[in-house]
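What shape does this take:
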Amino acid sequence: MPGPIRTSRPRRARLGRLREADLGLLREADFGLLFAATALGQLGDRVVFLALPLAAIAALHADAFQVGLLTALTTAGSLLVGLPAGAWVDRLRKRPVMVCADVVRATVLATIPTAWWAGLLSIRWLYAVALVHGVLTVFFDVAYVSFLPHLVGRGRLVEGNAKLSAIRSVTSIAGPAVAGPLAGWAGAPAALVVSSAGMALSGLLASRIRVREQLPEELPRELPEARGRRRPRLRQEVTEGLKFVLRDPVLRATLCGDALFNLFLVLYQSMLLVFLERQAGLGPGAVGLVLSGMGCGALLGALLAARVAERFGTGPVIWLAPLLTCPLTALMPAARPGWSTCVAAVGLAALSLGGVVRVVAQSSVQQARTPDRLLGRMSATARFVTWGGLPLGGVLGGAAGSVFGAAATLWIGAAGMTLSFLPAFLSPLRTLRTVRAAAPATKG
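Numbers count the residues shown, from 1 in each chain. Modelled structure (predicted):
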């Protein structure tokens, strides 16, 4: 009788090397801490995304206008402090900014269940928390993007961004799955305890990262005219960041493409739920499955992003991703009740997959091309430009839906998102192979 099959030592060694290759940056303690902090912080943020409006609706019986205003306040931070946040962050070490933002966000969110249990919760309280949380999130995100090159080095940005995007995609699926049942069982305000705890733990883990980037110098010492001069004013630093981004043809192309994509994405999303409910005939559970499918597409995109960029080149991926995946969103307005809606949902998942692949490649190029002292301002400028059109996209989507109907608005959104490939295609990104080839000198 034959004995048990044993794996030879060379084969076991090869398997061990493959596992280590798959882990990559996760084998490094500091990146592992950032990865875990990202998972907890993003989980908390995803719960906020669902539980905050539910708290207004279920606990305070807010009307539609109040809920809309609450949603607007959560994203108002990008417009209010988007540009100066980059200049402020560039003056500081990034890790302490992330830790402080997490701790303060956790504290602010904890006031909602506390006020609810004390009978003091009001819609104005939610407004204030949404605004403060949104502003702090801007500072966190700007510092987060600026810190990654210090942590992993510019040569491993694609891998680092891909792994962090993967965990963010997982939380985009798990967050609503946790928040919904918890809000139903304990109440929407109580669900925010999970958000507060997640962000507090995120700050704790980030505080244990050992990498300490150097404090940015007030002025580049290599410039003779800078010696003996004081730090420029905030407005000068903001202007410097804007000029740097807008004068660089690659960075300018990524911002233009992102702005165009986000504008038509929000226009599309503004009528998507209306179409699914009223014309596709889906109930709330089925709508939730469609949206979860988008999260699954995002997770798959994060897992494939590094390999796709290596296979096709970082620059081509940035314009190929929207060109190949955005047209599939046109399946949705063509769908009818029944099996065609399921096929259209696959198109939405493809949109998320392509979006994550593009963002991973694009973020890596942006970080690699930017000197260390301008990373914060680059990130803030990108956020300001690409997120600034979100309210406009919502307004245009509502207007188009009122005039042309939900299906026609989805067609317009699909066409606009597809055209977002043009800025990158008409720039040096068309043939740019690696982020290393794009990286300039790190001295300003």
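
wait, what's in contact with the closest residue to residue 137 other than its chain neighbours?
With CB to CB, 6 or more residues apart in numbering as the criterion, residue 137 has its nearest non-adjacent residue at 6.2 Å, and that residue is residue 77. From N, CA and C alone the C-beta is placed, and that goes for glycine too. Residues near residue 77 by CB atoms under 8 Å, 6 or more residues apart in numbering: 131, 134, 135, 136, 137, 138.

So residue 77, which state does it fall into?
Recorded secondary structure, residue 77: helix (DSSP: H, G, I helix; E, B strand; the rest coil).

ok, back up a step: out of the contacts of residue 77, which is most surrounded?
Most neighbours among the contacts of residue 77, by other CB atoms under 10 Å: residue 138, with 27 neighbours.

helices or strands up against the helix or strand where that residue lies?
Residue 138 belongs to helix 123-152 when assigned by DSSP states H and E. Helix 123-152 sits against helix 29-54, helix 64-90, helix 94-117, helix 157-186, helix 339-369, helix 375-387, with contacts defined as 3 or more CB pairs under 8 Å, 6 or more residues apart in numbering; DSSP states H and E.

how near is the residue nearest to residue 137 to residue 277?
30 Å (CB to CB, to the nearest Å).

next one: residue 420
Distance from residue 420 to residue 277, by CB to CB: 27 Å.

cool, residue 245 as well?
Residue 245 is 40 Å from residue 277, by CB to CB.

These two - which one has more neighbours?
Counting neighbours by other CB under 10 Å for residue 245 and for residue 277 shows that residue 245 has the greater number, 26 against 15.

how close does the more buried one get to residue 414?
29 Å.

hang on, the earlier thing: may I see the contacts of residue 77 arranged in a markdown table, with pLDDT and distance to residue 66 as well?
A markdown table is the format used below for those (pLDDT from 0 to 100; distance: CB to CB, whole Å):
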| residue | pLDDT | distance to residue 66 |
| --- | --- | --- |
| 131 | 89 | 14 |
| 134 | 85 | 17 |
| 135 | 88 | 20 |
| 136 | 89 | 22 |
| 137 | 86 | 21 |
| 138 | 84 | 23 |
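
Looking at the residues you listed, spot the one nearest residue 108.
Nearest to residue 108 among the contacts of residue 77: residue 136, at 7.5 Å, using CB to CB.

Pull the contacting residues for residue 35.
If a contact means CB under 8 Å, 6+ apart, then residue 35 has 25, 26, 163, 164, 167 as its contacts.

Just the buried residues of these.
Applying 16 or more other CB atoms under 10 Å to the contacts of residue 35, the neighbour count classes 25, 163, 164, 167 as buried.

how near is residue 378 to residue 337?
From residue 378 to residue 337 the distance is 46 Å (CB to CB).

what bits of the stretch 201-350 of the chain have low per-residue confidence?
Scanning the stretch 201-350 of the chain with the threshold set as pLDDT under 70 gives 214-232, 234, 283-285, 287-288.

So which residues of it form helices?
Counting by DSSP state H, counting those that start in this stretch, the stretch 201-350 of the chain has helices at residues 234-247, 249-278, 284-312, 314-325, 339-369.

and the fourth one, what does it pack onto?
Helix 314-325 is packed against helix 249-278, helix 284-312, helix 339-369, helix 406-419, helix 422-425, with contacts defined by 3+ CB pairs under 8 Å, 6+ apart.

what inclination does the third one have with respect to helix 123-152?
Read it as helix 339-369. Going by axes from the mean of the first three to the mean of the last three CA atoms, to 10 degrees, helix 339-369 is angled at 60 degrees with respect to helix 123-152.

What is the distance between helix 339-369 and the centre of its chain?
Averaging C-alpha positions (CA atoms, centre = their mean, to the nearest Å) puts helix 339-369 12 Å from its chain's average.

so it versus helix 406-419, what angle?
Using the same axes, to 10 degrees, helix 339-369 lies at 30 degrees relative to helix 406-419.

With the first one instead?
The directions of helix 249-278 and helix 406-419 differ by 160 degrees, with the same axes, to 10 degrees as the criterion.

buried residues in helix 249-278?
250-251, 253-268, 270-272, 274-276.

Now do that helix and helix 375-387, the angle between them.
Using the same axes, to 10 degrees: helix 249-278 against helix 375-387 is 40 degrees.

tell me what helix 249-278 is packed against?
When contacts are defined as 3+ CB pairs under 8 Å, 6+ apart, helix 249-278 sits against helix 234-247, helix 284-312, helix 314-325, helix 339-369, helix 375-387, helix 390-404, helix 406-419, helix 422-425.

So which of the ones you listed is the most surrounded?
Each of those was scored by mean neighbour count; the highest is helix 375-387, a mean of 25, by mean count of other CB atoms under 10 Å.

which other helices and strands contact that helix?
Applying 3+ CB pairs under 8 Å, 6+ apart, we find helix 375-387 packed against helix 64-90, helix 123-152, helix 234-247, helix 249-278, helix 339-369.

so which of those helices comes closest to residue 100?
For residue 100, the closest of those is helix 123-152, at 8.3 Å, according to CB to CB.

mind listing what's buried in the closest one?
Of the residues in helix 123-152, 123, 125-127, 129-152 count as buried by neighbour count, 16+ other CB under 10 Å.
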